[in-house]
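**Student:** Sequence and computational prediction follow.
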Amino acid sequence: MASKPPTIIFVVGAWHTDFHLRLIKPDLEKYGYRVLPITLRTSIKSTPAPTLQDNAADILQAMQREANAGNPFVLLGHSVAGLSTTLAANEFLATATPQHKALFVHYVWIACFLNGHRIAPYLTWASTTEDGAWIEVKDPHATFYNDMSIADAQPYIDALEANVAAWPPEYGDAYKSVQGTYLLCLNDRAIPPEEVQRLEAQENGMRIVELKADHVPFVSHPEETAEALHNALKRG
């Protein structure tokens with residue numbers, strides 16, 4: 001890790017917003033990181049429906065701002081944000097100067113995936129709206145926050161937004177040139193840890209760090225997640 005603590009561009013997954021980072025953000029700041037939350041545009045209902053490319057444009061803009069300011073940065077994607085962060089990472093690496101590329105010091109996934117065909121059979125916890133444009137979660141507590149009591153999880157359930165139905169595009173592999181770490185969530189009921197997460201980490205050449213946590217560890221286990229992330233970044 002660079003001597004100057006990097007900015008963590010933290011892209012939360014579908015339905016989630018920066019509200020869901022309210023617990024882990026101060027824990028990461030204790031380690032000296034600046035946390036820049038990004039909510040996917042596909043998590044906010046609008047007409048016309050936003051696209052993965054809209055998400056990637058927002059993420060790319062954040063990466064470019066940090067690079068232009070001379071700040072080293074980490075790009076972190078959670079769950080479905082793996083799709084949009086990868087689009088943004090590839091675009092940044094294709095267009096940035098060598099000096100700016102060097103500031104992209106680490107790529108982190110939390111329970112992410114790129115292979116849509118692999119994840120599709122496991123999405124029985126979700127359903128599409130009548131118009132087929134948006135995806136809804138049948139039981140957010142059981143799916144996302146199964147490590148928490150319903151009472152503790154309720155504020156985060158209430159804060160969930162939307163998710164547009166979008167199929168993953170094709171990807172180049174430029175992002176694999178950046179050191180990657182995958183935080184694998186062993187108690188995850190949304191993205192199966194062995195059938196999906198471990199395979200995704202291995203196929204994408206990422207170092208695996210296991211967390212005994214559900215799908216949203218930055219809500220259910222913020223201190224442990226911050227510590228695991230800090231240790232991974234220290235290793236470089």
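**Tutor:** Okay, I see it.

**Student:** Setting aside sequence-adjacent positions, which residue approaches residue 221 most closely?
**Tutor:** In space, and not counting its chain neighbours, residue 221 is closest to residue 213: 4.6 Å by CB to CB, 6 or more residues apart in numbering. C-beta here means a position set from N, CA and C on the backbone, and glycine is covered the same way.

**Student:** quick one: contacts for that neighbour?
**Tutor:** For residue 213, the contacting residues are 147, 185, 186, 187, 188, 220, 221, 224, 225, by CB atoms under 8 Å, 6 or more residues apart in numbering.

**Student:** Swap in 7 Å and give it another go.
**Tutor:** Applying CB atoms under 7 Å, 6 or more residues apart in numbering, we find residue 213 in contact with 147, 185, 187, 220, 221, 225.

**Student:** Show me the helices in the chain, by range?
**Tutor:** All helices of the chain, identified by DSSP state H, fall at 24-30, 52-68, 81-95, 98-101, 116-119, 140-144, 150-158, 199-203, 217-220, 222-235.

**Student:** Out of the ones you listed, which is the most enclosed?
**Tutor:** helix 217-220 (a mean of 26; mean count of other CB atoms under 10 Å).

**Student:** avg pLDDT for that one?
**Tutor:** For helix 217-220, mean pLDDT is 98.

**Student:** Now do it: everything it contacts.
**Tutor:** Outside helix 217-220, the residues touching it (CB under 7 Å, 6+ apart) are 20-21, 23-24, 110, 145, 147-148, 156, 183, 185, 211, 213-214, 225.

**Student:** Just the endpoints, please. Distance across stretch 137-157?
**Tutor:** Chord length of stretch 137-157, first to last residue, is 10 Å (CA to CA, to the nearest Å).

**Student:** that older thread, for residue 161, state which of the contacts of residue 213 is nearest.
**Tutor:** Closest approach between those and residue 161, by CB to CB: residue 220, at 18.9 Å.

**Student:** Pass me the low-pLDDT residue ranges in this protein, would you?
**Tutor:** 1-2 (pLDDT under 70).

**Student:** now do 90
**Tutor:** By pLDDT under 90, the low-scoring segments of the chain are 1-4, 45-49, 116, 129-133, 165-171, 236.
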